[in-house]
Structure formats: C-alpha cells, structure tokens
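[1] what shape does this take:
(chains A and B)
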Number of protein chains: 2
Amino acid sequence: MKLALIGTGLLGGSTAAAWRRAGAASAVAGYDVDPSQSRRGVELGVLDRAAASVADAVRGADCVVLAVPVGQMAPVLAEVAGVLTDSALVTDVGSTKADVIAAARRALGRGFRRFVPAHPIAGGELPGIEHADPQLFAGRNVITTPADDTDLKALQRIESAWTACGARVERMTANEHDRVFAAVSHLPHLLAFALVAQVASQPDGARRLELAGTGFRDFTRIAASSPALWRDIALANRAALGTELRTYRGWLERLQTALDTADGPSLSRVFEPASRTRRALVLRPDGEPSGGE
Amino acid sequence: MKLALIGTGLLGGSTAAAWRRAGAASAVAGYDVDPSQSRRGVELGVLDRAAASVADAVRGADCVVLAVPVGQMAPVLAEVAGVLTDSALVTDVGSTKADVIAAARRALGRGFRRFVPAHPIAGGELPGIEHADPQLFAGRNVITTPADDTDLKALQRIESAWTACGARVERMTANEHDRVFAAVSHLPHLLAFALVAQVASQPDGARRLELAGTGFRDFTRIAASSPALWRDIALANRAALGTELRTYRGWLERLQTALDTADGPSLSRVFEPASRTRRALVLRPDGEPSGGE
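    Sure thing, here's the model as predicted:
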C-alpha cells in the first residue's frame, strides 16, 4: 500500500518503518506540522517523501495513517476528507477511540466505512522520528475498535498490517477500549502528574526530589510525558477517566481513614491483593524494569 | 568492627557484604527469624556465623545492625538491650525514623546515645540474602537522623562505614526524614497499591491488566512490594503520610473538577510543571528505566 503518514513523530515514524519492513507499506509520504521532522524522516529512510501539506501527502495514497495527538484528529480528518479517493483506507494510532471515531464519522461521511480505528499499545522513552523503531510493536498489543458500519475488508487489511509487524491484534468496542485505558493508562498518568506537581510545589521540593529513590522514579516516569498530549487525552476520554478517578478517590478515602485510626488490617486489605496481583504480572514476557527501596 | 546483623534479608545481607568489602566490618554474625536465611548467608560468605538467637548474635559484637521490618524494631531492640556491652554501637536501616528512635530510646536506656538511626535509600528487585549485593549502596543516599543526645563519635563511625561503601551520607532530623519520605516513597507506594487493587477488583480486571502497557507496569512496580512491610511503614509514619495523602487528595479533587467541566487549562496547570520537573530528573546519573505508551 502507498501510505500517507500524517504526524511523523516517534509513533508515526515507527508505524511507517514497521509496516514497510513487514511488507505492508510500499512507499510512504509523510507530513508533519514541524517540517524538520518529515525531512529528517526522509534522511533516515523512514519516509520516501516529505509532503508540503496534509493534502499533498494524502493525494494518491492507498492508506492514510493518522499519528497526530488526539486533540488534532478532528481538524486533520477534515483536511484528509477533502482529497481522499473513494477506495483509500484511513486509520489512526490514537490513545482514545470514541472521540476519534466521532470525529471521523463527521469528517469522512460515506468514507467513514473505510476508517479503521486502532491503538497500538507501544511507545518509547525518546520522542521524534529520530528514534523510530520498526521493532516497536513486536509482541505488543494493537487494539482495533471497529464501528458497526466499518467495512470488514478495510478492518482486515489494517489488522493484517499490524499482525505482520509482530503485534497481537485485539478487537473491542470503542467504549470498552476507552474504559480499559482510562483505568490502566490515563488514570496512572494523571496520578503521576499530580504526585510530581505536589512534590515540586513544596518549599523543599527540589531537595525531596534529590532524595527520592528508584521507586519514585519508576512511579513518576510517565509524568515526563507531553502535558499537551495528555491534557487532550484526558479531555477526550473524560467521561470514563472521570469515573475511574472517582472510584480511585474512594479507595484513597478508605486508606486515609485507616491511617487516621491506625487501622492496620484495613491497610492490608488493600495492600495484599495489590501485591499479589502485581507480582503475578512480573512473570509476563515483555521484561520488567528493576529497582526498589 | 565485629558486626551483629539482625535480619538477614536483602538489605541486611547487602549491608554486611558492603561493610565487609569496605573494611568497615571484620566478622559478621547474623540472626534471622527464618534460620534458612542466615544459614544461606554463611554458605554465600556474607556471614561468618548463623546465630541461634538475637542474644547469641549480639554477644561480643562491636556494632549491632538492625535490618528487620520497622514493625519488628521494638521487640528486637528489647532483646538487644539485654545483652549489649557498654561500648557497642547500634544502628538500623529502617524506612521510618521517629518511631524507631522512640523504640530505641525506650529499650536502650543509657545505651541510646550509641544508637545511630540510619536509612539507606537503596533496594533491589529480588528479596533475600541470595541477592545481597555489596555494590547496592554505591552512589546512593544514606540518611542519618541523630537525636540531640546521640554520641558524635558513634554517629561518625557509622557514617564513615557508609561513606566507605560509596554512599552519600546526608544528615537530617528524624521528623524531616519522615516528612520527606512520606512524600517521595510512602505515598507513592500507597497510591500504587490502591491503583492495582482497584484494577484487580473490577470484573474485567484480569483482561485490563493483560492490556496494560509499560507505563502501567512502571507506575505499579512498587505495588509488588511486601504488603506487611508497607503496612508497618504506613502505620509507623502515619502522621506525615496522612498529611501528604490529604494534600494529594486535594490535587485529585481539583483534577476531577477539571475533568467534569472539560477545563483543559486547569489540567495543564498540573501537568505542565509536573512534566518539566520529571524531565529534569531524567538527567540524573543513576539511570532511568525505559518504556512508554
């Protein structure tokens, strides 16, 4: 397939590199609001061509991959719709799905049937196409969330491309996706941001950070993520995330009461199942960062 | 110094190994409630002798190192007091300090002057003396929290032993220590336990955990810690931890309101300083786990 890649950051660049290596993409035209990113992509051989605009990238493409922040999906989809051919597929790699699907339905009209919503659960520590990695998706999950009227052939072609990259493809509804990732991704990001903000806002915050051990560093690593990206994700998925956060605040209220009343058994009733569950996760194949204090 | 090591787990074993390599300990007698641990320590050459009781280990020692969970310090100190010579030092490696100091003062009487409260900020992913590592403390912080009446010579001898192991020694008051580590260690542990407990308690919890990416795994790694150990730490430091938790719940309440009202700028006011602060930490020398989603 001739690919149009809109957004040539780490995730978009890795998608292009992985699909190309897997034989799922022949040529790749890339567009980015930061032209130095797409030019660098050409230098690195990840892209064949740095496009001058969304329209320039999409013209003649068999498949458009949207790898822009979820907050940018709606305007980008509107631009894509203007030049899309009748047979071209559109897919995305966004972290939220119901809002992207709604934006695609509004923008693409009849073409919405060939839009395949997808979310590869992968990332890297360093941003930019500079660090694009064709192996980024090997052994990782890619979630697809087709709508009732999504074209089955389109869905299968996108899923095959991901499978060819070594990913495990899992289908679910957009709402289930958004609930699951509110719990295991969006909420942890929000909690990590809040903890670092709290420590940093204290008068002796710098000293506290200096004294922090590896446990703090692991716990807060995700707080180094892009604040604009995560503001958009939080807003896009605010219903599901709001529900998870409310539940979590209930757990913290119970722990507060247990601390205030020196109630060890109540602490244990939270800590024990958590520790058991988390230890069981260690045995999974994709490695585990080390450290402790 | 002839060492008596009470508690021969990972941290105690590593202390013995590190002090011995640094020339700070000559012979080490170790006692553990689990005799297989101290016997294994002898086999590994970390200990010279597996003692049959606390008293048996302490008899003839120049320095007693307490490496038991903070919840066990008081009864162990009472046993130590019964057989301690007039010149022997006592120190500990516990994660909380004000409560351990109070227990030492009660148990040791006149001998309290030679008790040096210490907390090495180090740990490893795998428990037990099997994984003891003489290099565990190299480049790490060790906090000492002397009381007003702590003997200066005793303090200096313990601090020298840690410095000889390559650690950076930092002195502060016990209350400052407990406040700082409530913020950067105890609260994160409590938050990680609560998040894993929440995910695990949901009807589709197992599926959610299966779909979670590396961000979740990093964030929750500390939830694999010993629930009994952390219940004791939380109880021992419940005043400072309670204060930090209350402040944190205030941050979460603000984020909940921001989500409920789709207030992007309020989210950014938390996410932006947090991301800036956390990115600055990445540059520190002791490495950084990778991953992302």
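[2] from the centroid of chain A, which residue is nearest?
    A:Ser95 (3.6 Å; Cα atoms, centre = their mean).
[3] tell me the residues of the stretch 1-150 of chain A that contact chain B?
    A:95, A:121-125, A:140-141, A:143 (Cβ under 8 Å from any Cβ of the partner chain). From N, CA and C alone the C-beta is placed, and that goes for glycine too.
[4] excluding its backbone neighbours, what's nearest the residue nearest to the centre of chain A?
    Nearest residue to A:Ser95, sequence neighbours excluded (Cβ to Cβ, 6 or more residues apart in numbering or on different chains): A:Ile233, at 5.1 Å.
[5] tell me which element the one you found is part of?
    Assigning secondary structure by DSSP states H and E places A:Ile233 in helix A:227-236.
[6] got the contact list for that helix?
    Helix A:227-236 is contacted from outside by A:69-72, A:95-96, A:99-100, A:186, A:189-190, A:193, A:241, B:259, B:262, B:264, B:267-268, B:271-272, B:274-275, using Cβ atoms under 8 Å, 6 or more residues apart in numbering or on different chains.
[7] what about the helices in the stretch 101-250 of chain A?
    Secondary structure of the stretch 101-250 of chain A, counting by DSSP state H, counting those that start in this stretch: helices at A:152-164, A:174-181, A:187-201, A:205-211, A:214-220, A:227-236, A:238-260.
[8] okay, these in JSON lines with mean neighbour count and mean pLDDT next?
    Formatted as JSON lines, the helices of the stretch 101-250 of chain A follow (neighbours: other Cβ atoms under 10 Å in any protein chain shown; pLDDT from 0 to 100):
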{"stretch": "helix A:152-164", "mean neighbour count": "18", "mean pLDDT": "98"}
{"stretch": "helix A:174-181", "mean neighbour count": "22", "mean pLDDT": "97"}
{"stretch": "helix A:187-201", "mean neighbour count": "25", "mean pLDDT": "98"}
{"stretch": "helix A:205-211", "mean neighbour count": "18", "mean pLDDT": "93"}
{"stretch": "helix A:214-220", "mean neighbour count": "25", "mean pLDDT": "93"}
{"stretch": "helix A:227-236", "mean neighbour count": "22", "mean pLDDT": "96"}
{"stretch": "helix A:238-260", "mean neighbour count": "18", "mean pLDDT": "98"}
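[9] tabulate these in JSON lines, adding columns for distance to A:Val42.
    What follows is those, written out as JSON lines (distance: least, Cβ to Cβ, whole Å):
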{"stretch": "helix A:152-164", "distance to A:Val42": "22"}
{"stretch": "helix A:174-181", "distance to A:Val42": "33"}
{"stretch": "helix A:187-201", "distance to A:Val42": "32"}
{"stretch": "helix A:205-211", "distance to A:Val42": "40"}
{"stretch": "helix A:214-220", "distance to A:Val42": "36"}
{"stretch": "helix A:227-236", "distance to A:Val42": "24"}
{"stretch": "helix A:238-260", "distance to A:Val42": "37"}
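[10] still on that earlier bit, the residue nearest to the centre of chain A reaches A:Val180, doesn't it?
    No. Because the distance of 11.6 Å does not satisfy Cβ atoms under 8 Å, A:Ser95 is recorded as not touching A:Val180.
[11] shared neighbours, the two?
    Contacts common to A:Ser95 and A:Val180, judged by Cβ under 8 Å, 6+ apart, are absent.
[12] what about stretch A:116-128, start to end distance?
    Start and end residues of stretch A:116-128 are separated by 24 Å (Cα to Cα, to the nearest Å).
[13] now that stretch: buried residues?
    Neighbour-count burial for stretch A:116-128 flags A:116-124, A:127-128 (criterion: 16 or more other Cβ atoms under 10 Å in any protein chain shown).
[14] tell me the one of those nearest chain B?
    A:Gly123 (3.1 Å; Cβ to the nearest Cβ).
[15] give me the pLDDT for the closest one.
    pLDDT for A:Gly123: 82.
[16] same deal with the one 4 residues further on?
    What the model reports as pLDDT for A:Pro127 is 84.
[17] and it, what does it touch?
    Contacts of A:Pro127 by Cβ under 8 Å, 6+ apart are A:9-10, A:226.
[18] again, only using 6 Å
    Contacts here follow Cβ atoms under 6 Å, 6 or more residues apart in numbering or on different chains; on that basis A:Pro127 touches A:Leu10.
[19] so where's the stretch 51-200 of chain A shaky on pLDDT?
    Filtered on pLDDT under 70, the stretch 51-200 of chain A yields no residues whatsoever.
[20] hmm, 90 instead?
    Applying pLDDT under 90 to the stretch 51-200 of chain A flags residues A:123-127.
[21] show me where it has its strands.
    A:63-66, A:89-92, A:115-116, A:118-120, A:141-144, A:168-171 (DSSP state E, counting those that start in this stretch).
[22] hey, which of those is tucked in deepest?
    Of all the strands of the stretch 51-200 of chain A, strand A:115-116 has the most neighbours on average by mean count of other Cβ atoms under 10 Å in any protein chain shown, namely a mean of 28.
[23] partner strands of that one, parallel or antiparallel?
    Partners of strand A:115-116 in the sheet, by DSSP bridges, are strand A:89-92 (parallel).
[24] residue contacts, A:Val28?
    Going by Cβ under 6 Å, 6+ apart, A:Val28 touches A:3, A:5, A:16, A:47-48.
[25] rerun that using 10 Å as the cut-off
    By Cβ atoms under 10 Å, 6 or more residues apart in numbering or on different chains, the contact set of A:Val28 is A:1-5, A:8, A:12-13, A:15-17, A:19-20, A:41-42, A:45-49, A:51, A:57, A:61, A:63, A:65.
[26] one more: A:Ala16?
    Neighbours of A:Ala16 in contact, by Cβ under 10 Å, 6+ apart: A:3, A:5, A:8, A:25, A:28-30, A:41, A:46-48, A:65, A:67, A:129, A:132, A:134.
[27] same deal with A:Val90?
    With Cβ under 10 Å, 6+ apart, A:Val90 has these contacts: A:4, A:6, A:58, A:61, A:63-66, A:77, A:80-81, A:84, A:104, A:107-108, A:111-112, A:114-117, A:154, A:158.
[28] also A:Glu272?
    With the criterion set at Cβ under 10 Å, 6+ apart, A:Glu272 makes contact with B:193, B:197, B:226-228, B:231.
[29] rerun at 6 Å
    A:Glu272 neighbours (Cβ under 6 Å, 6+ apart): B:Pro227.
[30] just say helix, strand or coil for it.
    Taking DSSP: H, G, I helix; E, B strand; the rest coil as the rule, one finds A:Glu272 in the helix state.
[31] A:Ser36 too?
    Relying on three-state DSSP, one would call A:Ser36 helix.
[32] now do it against chain B, distance only.
    Separation of A:Ser36 from chain B (Cβ to the nearest Cβ, to the nearest Å): 21 Å.
[33] near that residue, how many other residues are there?
    If you count neighbours by other Cβ atoms under 10 Å in any protein chain shown, A:Ser36 ends up with 12.
[34] local confidence estimate at it?
    Looking at A:Ser36, the pLDDT reads 95.
[35] can you check A:Leu281 too?
    87.
[36] how about it, what does it touch?
    Counted by Cβ under 6 Å, 6+ apart, A:Leu281 has zero contacts.
[37] same check on A:Arg49?
    A:Arg49 makes contact with A:Ala29, according to Cβ under 6 Å, 6+ apart.
[38] phi and psi next, for it.
    When read as degrees, to the nearest 10, the backbone of A:Arg49 gives phi -150, psi 140.
[39] give me the distance between the residue lying closest to A:Asp133 once chain neighbours are set aside and chain B.
    Distance criterion Cβ to Cβ, 6+ apart; nearest residue to A:Asp133, sequence neighbours excluded, is A:Ser14 at 5.2 Å. Separation of A:Ser14 from chain B (Cβ to the nearest Cβ) stands at 11 Å.
[40] just want the angle from the helix or strand A:Ser14 falls within to helix A:152-164.
    Assigned by DSSP H and E, A:Ser14 belongs to helix A:10-21. Interaxial angle, helix A:10-21 versus helix A:152-164 (axes from the mean of the first three to the mean of the last three Cα atoms, to 10 degrees): 90 degrees.
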